[in-house]
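Engineer: This is a predicted model, with the sequence first.
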Amino acid sequence: MKISKYIHSCILWEEGEIKILFDPGLFSFMEGKVRPEDFSGLSAVIITHTHKDHVDIAALQTILERNNAAVLCNADVAHVLGVEGISAEILEDEVRSVGTVSVRAIFAEHENLIVEKPHNTAFLVNSSFLHPGDSLSSALYAHSGVKVLALPITAPWADQTRIAAFAEAMKPQIVVPIHDGYVKDFFRDGQYENYKNYFSEHEIIFQPLKEPGEFVELR
């Protein structure tokens with residue numbers, strides 16, 4: 001299993017010939033550090049919810065032009081994509097196969113905002129990698145012990161103590177930090193150091209992927 005990060009919450013999951021791209025959002029592409037053309041051979045693109053930092057419509061269209069990839073998402077996302085002429089397969093609270101890989105969709109409520117919240121879906125791949133979107137929901141505790149947790153570490157809807165408590169409850173072997181594409185590098189690096197020190201006391205490996213395309217590979 002190879003996990004690469006492309007800024008903010010955009011994650012590329014790979015195993016064998018299967019490649020699944022999660023949440024190619026605006027923050028990943030707006031500075032030109034990552035291009036939609038960088039992605040090839042994708043099996044599927046998964047979108048957790050409709051916020052633009054998780055789905056950049058123009059970038060997604062370019063990605064799909066270059067890849068024979070299915071788009072998996074909840075009905076809320078599928079509606080937004082459909083308006084833009086993008087076909088998607090609705091996946092909600094069920095399991096679907098992408099080649100030889102199992103993908104489980106889990107309703108996980110978006111964290112509280114001062115505006116209306118979108119429908120958020122977390123996705124579990126091969127029971128070993130969890131991308132929660134913008135959720136720290138206790139509904140995900142049923143999947144505690146997951147090998148790798150993509151963990152939102154900065155957000156207007158959460159603080160460090162709540163984020164840390166969620167990760168502890170999930171009991172992953174490894175945390176890959178996400179949802180940090182809108183903060184300055186010096187602040188992000190300080191947050192990384194704080195989380196690394198904290199999680200080391202709880203026998204959780206904190207694995208930052210700072211540069212676009214940086215990855216961690218696990219057996």
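Structural biologist: Here it is on my side, so go on.

Engineer: Pull out the buried residues from stretch 145-165.
Structural biologist: Residues of stretch 145-165 classed as buried: 146, 148-155, 157-158, 163-164 (neighbour count, 16 or more other C-beta atoms under 10 Å). Backbone N, C-alpha and C define where each C-beta goes, glycine included.

Engineer: Quick one: mean pLDDT for that stretch?
Structural biologist: The predicted model gives stretch 145-165 an average pLDDT of 95.

Engineer: do the same with stretch 29-47
Structural biologist: So the average pLDDT for stretch 29-47 ends up being 98.

Engineer: May I have the distance across it, first residue to last?
Structural biologist: End-to-end distance for stretch 29-47, by C-alpha to C-alpha, to the nearest Å: 16 Å.

Engineer: residues in contact with that stretch?
Structural biologist: Residues from elsewhere that reach stretch 29-47, judged by C-beta atoms under 8 Å, 6 or more residues apart in numbering: 6-7, 10, 12, 17-24, 28, 54-56, 58-60, 62-64, 66-67, 69-73, 77, 81, 88, 98-99, 101, 103, 123, 131, 212-213.

Engineer: Quick check on the residues you listed: which are buried?
Structural biologist: The neighbour-count criterion (16+ other C-beta under 10 Å) marks 6-7, 10, 12, 18-24, 28, 54-56, 59-60, 62-64, 67, 69-73, 77, 81, 88, 98, 101, 103, 123, 131, 212 among the contacts of stretch 29-47 as buried.

Engineer: Mind checking which of these land in strands?
Structural biologist: 12, 18-22, 70-73, 98, 101, 103, 123, 131 (DSSP state E).

Engineer: So which residue is smack in the middle of this protein?
Structural biologist: Closest residue to the average C-alpha location of the chain: His131 at 4.3 Å, with C-alpha atoms, centre = their mean.

Engineer: which residues touch that residue?
Structural biologist: By C-beta under 8 Å, 6+ apart, the contact set of His131 is 9, 11, 22-23, 46, 48, 122-123, 125, 150, 178.

Engineer: 7 Å - rerun?
Structural biologist: 11, 22, 48, 122-123, 150 (C-beta atoms under 7 Å, 6 or more residues apart in numbering).

Engineer: For it, give the beta-bridge partners.
Structural biologist: Counting by DSSP bridges, His131 forms beta bridges with Phe123.

Engineer: how much space between Tyr130 and Gly99?
Structural biologist: Check again: residue 130 is Leu, not Tyr. Separation of Leu130 from Gly99 (C-beta to C-beta, to the nearest Å) stands at 19 Å.

Engineer: wait, doesn't Pro5 sit right on Leu209?
Structural biologist: To be clear, residue 5 is Lys; Pro isn't right here. Yes. The pair Lys5 / Leu209 is scored as a contact, 3.7 Å apart, by C-beta atoms under 7 Å.

Engineer: neighbour-wise, which of those two wins?
Structural biologist: Legend: neighbour count by other C-beta atoms under 10 Å for Lys5 and Leu209, higher for Lys5 (28 against 18).

Engineer: Please identify the buried residues of the lengthiest helix in the chain?
Structural biologist: If you go by DSSP state H, the chain has its longest helix at helix 185-200. Buried residues in helix 185-200, counted by 16+ other C-beta under 10 Å: 188, 191-192, 195-196, 199.
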